[in-house]
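Student: got a predicted model here, sequence first, then my questions.
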Amino acid sequence: MVCRLLALSALLSSAAAQATNSTTTTPITPNTPDPNDAGIKLKHFTAYSSSQTCDSDTHALPFNNQIRGVNLGGWMVLEPWITPSLFYQFLGGDENSVGMDHYSFCEVLGPKEGNEQLRRHWESWVTEDIVKELADSGAVNSLRVPVGDFMFEPYGPYVGCTDGAIDYLDQLMDWAHAYGLTVLIDVHTAKDSQNGFDNSGQSLGFQWTSGLSTYPRDLTTFQHWPIRAANWMGEFDPKSINYTSINHANIKHSLGVIEELVGRYAGHPAVLGVEPVNEPWELTPIKLLKKFYWDAYLIVKKKAPYWKFIMHDSFRFTPETWGGFMKGCPDRALDTHIYQAWMDPSSRLTFYNNACAQKKQIALMEREFGPVIVGEWSLATDNCAMWLNGFNDNLPGFPRSPCKYIECSAPYMGTDQPGTPVDIGKPVQGPYGTGMSGPSFGLCPTDRDWMTERYNRGESGMSWVSAPPEAPRGRDGTDEVMSLLARKKISAFSGIGHGFYFWNFRTDLYNPQWSYMLALERGWIPKGNLNDEQIMNSCHREDEGLFICEANRGAPENTVKSGMAYALGEEGKSAKYIDSLHDDDLYDEATIVFSEFWESHRGAGATCDFGGAAVLAEQNKTHTEDYFTDDYFNVVEVNEFPVWKIVLFGIAAVSVGGLTGFLFAMRLSPKFNRAVRSSVMLRPVTSSRVFRQSFGSLLEPGFVGLDMD
């Protein structure tokens, strides 16, 4: 599911650069077939294995209809963060009683109990009413359905535990067809894991460390992220960052799954196509991965000639990796997953611009490779969703900001599910990973609120740094930010590419940033036509360059100089001159350096951050009136008065009100008039000449001429 590699990408990319040719990103296959390669004759074309290309004809790349879809994640392949109600039963367990992915779920519960719980889950997580609701939204035309390889060729603890899963998938196919939706079958798992994530079925690179935990005593602990591995294609050596052997049996198993899958569904009218493996990690030997894709493609095209064939980019979304691959072959497309949840905390403008900037890279890949779809994306801008990085675990250093806590939701299968509801009398329970995430006293972490910006700090201000996880009453700007972010992402992903699938269709906990149905309910994602001009043109400010990446004048000079050194170094320019710059000269020059670098590289995903040395700001330009009524500058600003002004206005209001009331009472109430005139305490005031001149005409009859001395 989720692209958890983002937090580790810098380290792994550096390591991959030193690996052998098996992990290089340079093109490997030639663009022209060997003269002795007669090719494989298929229904609409000829495929040449020597070059992994096809002869071009009128059927090549006929991806004419854009996808507007959602993922049905957490259904056939369990992920604890999506359906925590299934995994609460393992809280407080030890090495022999904890399930933290689909593999260990079946291993711990066994085939009988595991299958009983899974059948209740399959019945309730995806229903016909949900499929109908998605279709009725008017904005969804396709479903990406993650399935397990073990459903078609069971192995290990899956045997018996997942019996009947295919029957539910068959039913889903029929529902989709009945409501006019297509289905992309996404093989989400691979034997021995293709990425080490729990979404592969098995969290690989895992070690119990309880024996090393001597204080406090009796803690059950484990580690995963520091030693993550992926052994689908062979044995991975973490020291050399390379594969020491190739597991041809595992690759053959995956191809056999494609054979089974295509044989079963080749004639079903709902099927759009297949994705043979989800998210193989970026250290997968690229030559072997391309060979696997090629062999799987031939299997599909022999039996299902009209199916689409979608390949994940292996977290290498570059022309150097995929340019020219399978050139001329019909119906293939590249899948990339784009998330902001693993980005550093920043202003809303940074997230808006990052979303719109994806268009340039998508356009480049469309030109160099062919059709591109964004197979997974969400509206999350933080890492707070409970167990997002694994059951009772987290990536080192995550989440980057304090999270909001809400009451844990009632279990979607009912309270008969073991371990539910969450015990409101207990703090975070074990086992404990290298990071912290889990329910505490009945509360579960969820995504932070966005606050409305203060009028005197501007959209690119730094108030988000000190903002609390839950916005104070009257200051919650989440609806505005999420609505605008959704429009910009839809514009970027479908305006240039061939469409998208939102991750996910629903979540067990209340996480609308990850739930398409909740996002529809909140109005963040509009129903109906997503080709509306308000959506398609929502990146107009970003596209026109109405923003500048300027130096953060609140950052220390050393931080700014470090950011400048990075930007200049990436451009191959000398940074020696910055040592002599200080104060305004430094910040002015930094603004020039940062802005030029950001403008040149934002299309490739660069952000305006530079280690906290820069912030994004609107340029001081005069905007002409247009029809873009969704501009965030008009919907999220609020005016605030300082406390001293509020107190001053309060005192003034009370004083004016009291004086006005006194005057009216003196005029209209004889008793009040008499009481004031006769009061010994007020005698110095009422006997004064000024008072007599002011209120002489208001005196009650009988008081005129009265000697008050």
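Tutor: Right, received. Where do you want to start?
Student: strands of the stretch 1-150 of the chain, start to end?
Tutor: In the stretch 1-150 of the chain, the strands defined using DSSP state E, counting those that start in this stretch lie at 40-41, 46-48, 53-54, 67-71, 142-147.
Student: mean neighbour count and distance to residue 384 for those strands - can I get that in TSV?
Tutor: C-beta here means a position set from N, CA and C on the backbone, and glycine is covered the same way. Shown next, in TSV, are the strands of the stretch 1-150 of the chain (neighbours: other CB atoms under 10 Å; distance: least, CB to CB, whole Å):
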stretch	mean neighbour count	distance to residue 384
strand 40-41	11	50
strand 46-48	20	46
strand 53-54	24	45
strand 67-71	25	20
strand 142-147	26	23
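Student: which of the ones you listed sits closest to residue 264?
Tutor: Nearest of the strands of the stretch 1-150 of the chain to residue 264, taken as CB to CB: strand 142-147 at 11.1 Å.
Student: quick one: buried residues of the following helix or strand past the closest one?
Tutor: Remark: after strand 142-147, the chain's next helix or strand is helix 165-178, criterion DSSP states H and E. Along helix 165-178, these residues count as buried under the neighbour rule (16 or more other CB atoms under 10 Å): 165, 166, 168, 169, 172, 173, 175, 176.
Student: ok, residue 119 to residue 161 distance?
Tutor: 10 Å (CB to CB, to the nearest Å).
Student: again but with residue 506, I slipped
Tutor: 23 Å.
Student: coming back round to it: residue 119 and residue 161: which is more packed in?
Tutor: Neighbour count, other CB atoms under 10 Å: between residue 119 and residue 161, residue 161 has more, with 25 against 16.
Student: beta partners for residue 183?
Tutor: Counting by DSSP bridges, residue 183 is bridged to residue 143, residue 271.
Student: what's the distance between it and residue 200?
Tutor: 21 Å.
Student: now do residue 266
Tutor: 26 Å.
Student: who has more neighbours, the two?
Tutor: Shown here are residue 266 and residue 200; by other CB under 10 Å, residue 200 has more neighbours (30 against 15).
Student: which stretches of the stretch 551-700 of the chain have low pLDDT?
Tutor: 602-607, 609, 616, 618-643, 677, 680, 682-683, 685-687, 689-700 (pLDDT under 70).
Student: quick one: the helices in it?
Tutor: Counting by DSSP state H, counting those that start in this stretch, the stretch 551-700 of the chain has these helices, from start to end: 557-570, 583-601, 643-668, 670-678, 683-686, 689-695.
Student: how about the ones you listed in a markdown table, adding mean neighbour count and distance to residue 397?
Tutor: A markdown table is the format used below for those (neighbours: other CB under 10 Å; distance: least, CB to CB, whole Å):
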| stretch | mean neighbour count | distance to residue 397 |
| --- | --- | --- |
| helix 557-570 | 18 | 19 |
| helix 583-601 | 17 | 24 |
| helix 643-668 | 11 | 37 |
| helix 670-678 | 15 | 71 |
| helix 683-686 | 12 | 70 |
| helix 689-695 | 11 | 73 |
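Student: please identify which of the ones you listed is closest to residue 537.
Tutor: Comparing these under CB to CB, the one sitting nearest is helix 583-601, at 20.8 Å.
Student: please look at residue 469 and residue 399 and confirm they touch.
Tutor: No. Contact criterion CB atoms under 8 Å: residue 469 and residue 399 do not qualify, at 9.8 Å.
Student: who has more neighbours, these two?
Tutor: Set side by side, residue 469 and residue 399 show more neighbours around residue 399, with 24 against 17, by other CB under 10 Å.
Student: which SS class is the more buried one?
Tutor: Look at residue 399: counting by DSSP: H, G, I helix; E, B strand; the rest coil, its state is coil.
Student: count the residues that sit near the residue nearest to it when sequence neighbours are not counted.
Tutor: On the basis of CB to CB, 6 or more residues apart in numbering, the spatially nearest residue to residue 399 that is not a chain neighbour turns out to be residue 383, at 4.2 Å. Using other CB under 10 Å, residue 383 has 29 neighbouring residues.
Student: ditto for residue 435
Tutor: Neighbour tally, residue 435, other CB under 10 Å: 18.
Student: over to residue 415?
Tutor: For residue 415, using other CB under 10 Å, the count is 10.
Student: list residues touching both of residue 469 and residue 399?
Tutor: Here residue 469 and residue 399 have residue 384 as joint contacts, going by CB atoms under 8 Å, 6 or more residues apart in numbering.
Student: show me what contacts residue 138?
Tutor: 527, 528, 529.
Student: and it, how far from residue 179?
Tutor: For residue 138, the distance to residue 179 (CB to CB) stands at 12 Å.
Student: SS state for the closest residue to residue 332 other than its chain neighbours?
Tutor: Closest residue to residue 332 apart from its sequence neighbours, by CB to CB, 6+ apart: residue 309 at 4.6 Å. When classified by three-state DSSP, residue 309 comes out as strand.
Student: which element is residue 235 on?
Tutor: strand 234-237.
Student: for that strand, give the mean pLDDT please.
Tutor: Strand 234-237 shows a mean pLDDT of 93.
Student: to the chain's geometric centre, what's the distance from the following helix or strand past it?
Tutor: Counting by DSSP H and E, the next helix or strand C-terminal to strand 234-237 is strand 242-246. How far strand 242-246 lies from its chain's middle: 33 Å, per CA atoms, centre = their mean, to the nearest Å.
Student: does anything pack onto whichever helix or strand comes after strand 242-246? Which helices or strands?
Tutor: Downstream of strand 242-246, the next assigned helix or strand under DSSP H and E is helix 248-265. When contacts are defined as 3 or more CB pairs under 8 Å, 6 or more residues apart in numbering; DSSP states H and E, helix 248-265 packs onto strand 182-187, strand 271-275, helix 286-303.
Student: okay, the ones you listed, which one's buried deepest?
Tutor: strand 182-187 (a mean of 25; mean count of other CB atoms under 10 Å).
Student: residues in contact with it: which ones?
Tutor: By CB under 8 Å, 6+ apart, strand 182-187 touches 67, 69, 71, 141-149, 172-173, 176, 254, 257-258, 261, 265, 270-278, 308, 310, 375, 501.
Student: export it as PDB, just CAs?
Tutor: Backbone C-alpha positions of strand 182-187 (Å, rounded to 0.1, in the frame of the first residue of the first chain) are rendered in PDB as follows:
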ATOM      1  CA  THR A 182     -14.100  -1.700 -14.000                       C
ATOM      2  CA  VAL A 183     -11.600  -3.600 -11.900                       C
ATOM      3  CA  LEU A 184      -7.800  -3.500 -11.900                       C
ATOM      4  CA  ILE A 185      -6.600  -6.700 -10.200                       C
ATOM      5  CA  ASP A 186      -3.500  -5.700  -8.200                       C
ATOM      6  CA  VAL A 187      -1.300  -8.600  -7.000                       C
END
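Student: between helix 248-265 and that strand, find me the angle.
Tutor: For strand 182-187 against helix 248-265, the angle by axes from the mean of the first three to the mean of the last three CA atoms, to 10 degrees is 160 degrees.
Student: what mean pLDDT does strand 182-187 have?
Tutor: Computed over strand 182-187, the average pLDDT equals 98.
Student: after it comes which helix or strand?
Tutor: Using DSSP H and E, the helix or strand that follows strand 182-187 towards the C-terminus is strand 207-208.
Student: now for that following strand, which elements pack on it?
Tutor: strand 222-223.
Student: rounded mean pLDDT for the strand it packs on, please.
Tutor: 92.
Student: and it, how far from the chain's centre?
Tutor: 25 Å.
Student: what strands line up against that strand, and which way round?
Tutor: Strands that pair with strand 222-223, judged by DSSP bridges, come out as strand 207-208 (antiparallel).
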